[in-house]
Structures are given as structure tokens and as C-alpha cells.
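Student: All I have is the shape, not the residue letters:
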Ligand code: DOR
Ligand code: ZN
């Protein structure tokens, strides 16, 4: 089937063009392409970007399908403009063998809305004691290329050292949830004046920064690559600068919620604001924005973490940490980075697609918008606004921290290998025929 997308600006630059998609590829780009036999999508005033790649998603399958599964999570991803996501290993059972990682890959392909790449666990059962058979998972159907105990830190330095050495030999990536667990016992919020006033046990910045520093040094000596999940503090930014200046092979991601929200929100005691690492202070938010603009932080990753209502609507300290992110990511990046002039649309393509694809070495994602390239792409209306309503998102859970916020920009079309996976807020799968709230053009 041929699709003709009319009047888009590639990367938000230059004159509007038409883009013809045939046989899963970009077949033609230019002004005034004829529409014989093609399904025509009018996209005047809109921007085409390569499909987004999320290195950090929790899809909860297997084990907690009441909160999310691969089908509902894939719908949320497609609606958010994603064509590939990495599903974290903290499932039940844990994704620590090819039995689980192969299932995740195959189920994602069956659903067919987004490539769901399984992340393998670094240690058996996420227990931090024994390395998994990374080689078997890498060689399995899921072709695992990233390993992480995310949710938990690989805190034993000897285990982390061995993991980096082993991963380096296999050509795979270790992604670290940087949290020194001895410094976060009982912690539910950022350690600072706000948590102190509210009587919430604090999670100091040093819990993150001490592990980032340690792992940078371990990676240096192992000549291995290490990726830092959800960087959240100004100090982590300084450490990344230092490590990169030394030539250490370190990369890092930041979440949309850490770019928009700070711990001033905690006073409501609303469990939707609980997340690991916690929302930090406004000064951290500023440092993270600047680091993403400067390339010190390489990419955006959502840490999409669905939880059921009963797991969030309870005492703050008992609420499970985590926030939905897939369907709101682009809009939050536009609000925090594009609108203030910190990133151009060209840069959005870099931090949401090209850089994450390069970090994990995905050959068919984050590709240039050129003839002959695979049609993994997203079209964005930069002038639309919408109001976030958790119950209307495609996820099985509602736990967005952006409830009732009006955000800029909507995803109007997502294509995976030339197939439409989301259009005008609708996707072929998901909890409902999800709509994008009150999207207005
Ligand atoms: O807030 C979080 N939720 N942080 C994590 O590291 C794990 C995640 C989850 O699995 O819910
Ligand atoms: Zn994490």
C-alpha cells in the first residue's frame, strides 16, 4: 500500500514537501507528488521526525498485566510517536533468561505497533548476586542488546565490574539505575527542605551521584560502555561532564518528568508524584535542561511506569514509585526544551530518536528522513494543544503526573515500517479507542 503524506516539513526545517511511502520505505520526497493509488494524509503545517526510540519503558508483562501489558503499552507508545521501546526486566518472572526475553520480543511483534526490545536483567532475579547468562539472551529471538536491573541498583561494585567486563566482550550495554541503597533506606522523596517540612523520608542526591562516579570509573578501567538511567541531579550532570572529558564511554538519559516537575509538588501528598529517583529541586531541573541542550545528557527516556489505582491512591509513602510517560513525552519536551529555545526540532529528532538508537545500536531506527530509508517515522502538529486526562490514555493505568495540564504539540501519525500505528490520537489497539484529550488544531 502506498501512503502520501502531504505538506510536511522534515525536521521542522525548509519548505513543505510531500513524502510517498511504499513497501515499508520512504519512496519519494518532493513538492507536488501525484497521489494516484495512494492513501493521502494531509499534514500541512506539521513536522516529520524519525520515529522515537525509548530506552526505558516498563510494560509489566509478564506478571502485572493488571497495570499494563505489551498490547496496551505498545498502543501508548505508538500514540506517543514511538517506533521502538526497550521493556525493562523487572517483570514477574524477571527477564533474566531467554524464556522471558524471547516472549517479550515475540509478543511485541505479534501486536505489531512498535518494536518491543526486551531488556535483560544483569543479575539473576534482580538479586544483585549472580550475573545472568547475558550471552544466551543476546543470542535468543529477543536479541537482547541492553541489560539492566532497573528499579534496583547493581550496587555490589565487584558484580558491576564483572557485568561491565562481560557486557563489553559481548558488545551489549549495561544501563544502571544509580542508587546507593544504603543511602535510600526508607526514602520516598528528594532529601531537602520540602521533604523535611512534610515529614517524608529523604533520598539524597549523593545516593545517585556516588554510583554515577563509581560506575564511570569502573567503565573507564574495563574500557566498557555504561548508560546512566534517569539522571536527576545537578551533581550527576557535573560527573557526566567530567567522565566524558576523560573519554569514558558513558551515556545518560533524562526523563520528561524530571525536566518539568520539582519537589514543590509534594505538598499535596498525591501518590502520583512519587517516583524513583524522586522529583528534585528547581535548580536540578534547570541543570538537567541545560545538560540535554548541551549534549552532556544524550537522550530522553520516559521511564514509563504504569501502576494500578490501588497502588497509587494511598498514603504517599505506600504509593508505588513511577509515572506514565509514553504518550506525554513529546509534549513535555516541547514545553520544557523547544518552547524556551533550548532545542530545535532537529535536536528533538536527535534526543528522542537518533541518539537512543545509536546508544543501543539499532540499525533501522533513528535513520535519516531520506529516500530508501525504512518508514519508521512520526508526524507532529507543533501548534496543537491538548489537556492530559489519565483515563483517556491508552495505558491500562492512569498514573500520569500531568493530569489536567494543557500541553503543546500532538502526534498526528506514527508509522512502523510503512504501516500506520497511530493516527489522530487513535491506535488499532489499547484500552480504548484512545483520544488525545481535547486536541485542537
Ligand atoms: O519510579 C520508578 N518506577 N523507578 C524505577 O526505577 C522503577 C519503576 C517501576 O518499575 O515502577
Ligand atoms: Zn530506575
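Tutor: Thanks, I have the structure now. Everything numeric here is computed off the predicted structure, so don't read it as measured data. Ligands and ions are numbered 1, 2, ... in the order given.
Student: Just to check, residue 22 is in contact with residue 415?
Tutor: No. Judged on Cβ atoms under 8 Å, residue 22 makes no contact with residue 415 at a distance of 11.9 Å. Every C-beta, even on glycine, is put in place using the N, C-alpha and C of the backbone.
Student: Between the two, tell me which one has more neighbours.
Tutor: Set residue 22 next to residue 415 and count neighbours by other Cβ atoms under 10 Å: residue 415 wins out with 26 against 16.
Student: Next, give phi and psi for the more buried one.
Tutor: In terms of degrees, to the nearest 10, the main-chain angles of residue 415 are phi -130, psi 130.
Student: quick one: it and residue 51 touch, right?
Tutor: Yes. With contact defined as Cβ under 8 Å, residue 415 counts as touching residue 51 (7.2 Å).
Student: Please identify every residue contacting each of the two.
Tutor: Residues within reach of residue 415 and of residue 51 at once, by Cβ atoms under 8 Å, 6 or more residues apart in numbering, are 83, 376, 377, 378.
Student: Among the residues you listed, which one sits closest to ligand 1?
Tutor: Closest to ligand 1 out of the shared contacts of residue 415 and residue 51 is residue 83 (22.7 Å), distances taken as Cβ to the nearest ligand atom.
Student: which residue sits closest to residue 178, ignoring its sequence neighbours?
Tutor: Nearest residue to residue 178 in three dimensions, chain neighbours excluded: residue 211, at 3.9 Å (Cβ to Cβ, 6 or more residues apart in numbering).
Student: so the one you found sits right up against residue 176, yeah?
Tutor: Yes. Between residue 211 and residue 176 there is a contact at 6.7 Å, judged by Cβ under 8 Å.
Student: and for the two, which residues touch both?
Tutor: residue 153.
Student: so, in contact with ligand 1 or not, the helix or strand containing residue 209?
Tutor: Under the criterion of DSSP states H and E, residue 209 resides in helix 205-222. No. Residues of helix 205-222 are not located near ligand 1 by Cβ under 6 Å from any ligand atom, the shortest gap being 11.4 Å.
Student: touching ligand 2 at all, that helix?
Tutor: No. Using Cβ under 5 Å from the ion, helix 205-222 stays clear of ligand 2, with a minimum separation of 10.4 Å.
Student: right, and the helix or strand after that helix?
Tutor: Counting by DSSP H and E, the element after helix 205-222 in chain order, helix or strand, is strand 226-228.
Student: what's in contact with whatever helix or strand comes next after that following strand?
Tutor: Next along the chain after strand 226-228, taking DSSP H and E as the criterion, comes helix 234-245. With contacts defined as Cβ under 8 Å, 6+ apart, helix 234-245 is touched by 178, 205-206, 208-209, 212-213, 216, 220, 228, 231, 250, 252, 283-284, 286-288, 290-291, 296-297.
Student: swap in stretch 332-349?
Tutor: 11-13, 47, 49-50, 256-257, 259-260, 289-290, 292-293, 300, 330, 351-352, 382, 402, 407-409.
Student: Okay, now the unreliable bits of this structure?
Tutor: Low-confidence segments of the chain (pLDDT under 70): 429-441.
Student: Next to ligand 1, which bits of it? Give me the list.
Tutor: When proximity is defined as Cβ under 6 Å from any ligand atom, the chain approaches ligand 1 at 58, 90, 150, 151, 177, 275, 276, 303, 305, 321, 322.
Student: can you confirm the fourth one is in a helix?
Tutor: No. With DSSP: H, G, I helix; E, B strand; the rest coil as the criterion, residue 151 is assigned coil and is not in a helix.
Student: The spatially closest residue to it that is not a sequence neighbour: what secondary structure?
Tutor: Using Cβ to Cβ, 6+ apart and skipping residues adjacent in sequence, the residue nearest residue 151 is residue 90, 4.0 Å away. With three-state DSSP as the basis, residue 90 sits in coil.
Student: how far away is residue 90 from residue 246?
Tutor: Using Cβ to Cβ, to the nearest Å, residue 90 is found at 31 Å from residue 246.
Student: got the end-to-end distance for stretch 120-131?
Tutor: Using Cα to Cα, to the nearest Å, the end-to-end distance of stretch 120-131 comes out at 11 Å.
Student: Now do it: distance to the chain's middle.
Tutor: In this view, stretch 120-131 has its centroid 22 Å away from the chain centroid, taken as Cα atoms, centre = their mean, to the nearest Å.
Student: again with stretch 60-72
Tutor: Distance of stretch 60-72 from the chain centroid (Cα atoms, centre = their mean) equals 17 Å.
Student: and that stretch, which residues are buried?
Tutor: Neighbour-count burial for stretch 60-72 flags 60, 61, 62, 64, 67, 68, 69, 70, 71, 72 (criterion: 16 or more other Cβ atoms under 10 Å).
Student: ok, now stretch 309-323?
Tutor: By neighbour count with 16+ other Cβ under 10 Å, stretch 309-323 contains the buried residues 311, 312, 316, 319, 320, 321, 322, 323.
Student: what are the ranges of the strands in the stretch 251-400 of the chain?
Tutor: With strands called from DSSP state E, counting those that start in this stretch, the stretch 251-400 of the chain shows them at 299-300, 377-387.
Student: tell me the most buried of those strands?
Tutor: Among those, strand 299-300 has the highest mean neighbour count (mean count of other Cβ atoms under 10 Å), at a mean of 29.
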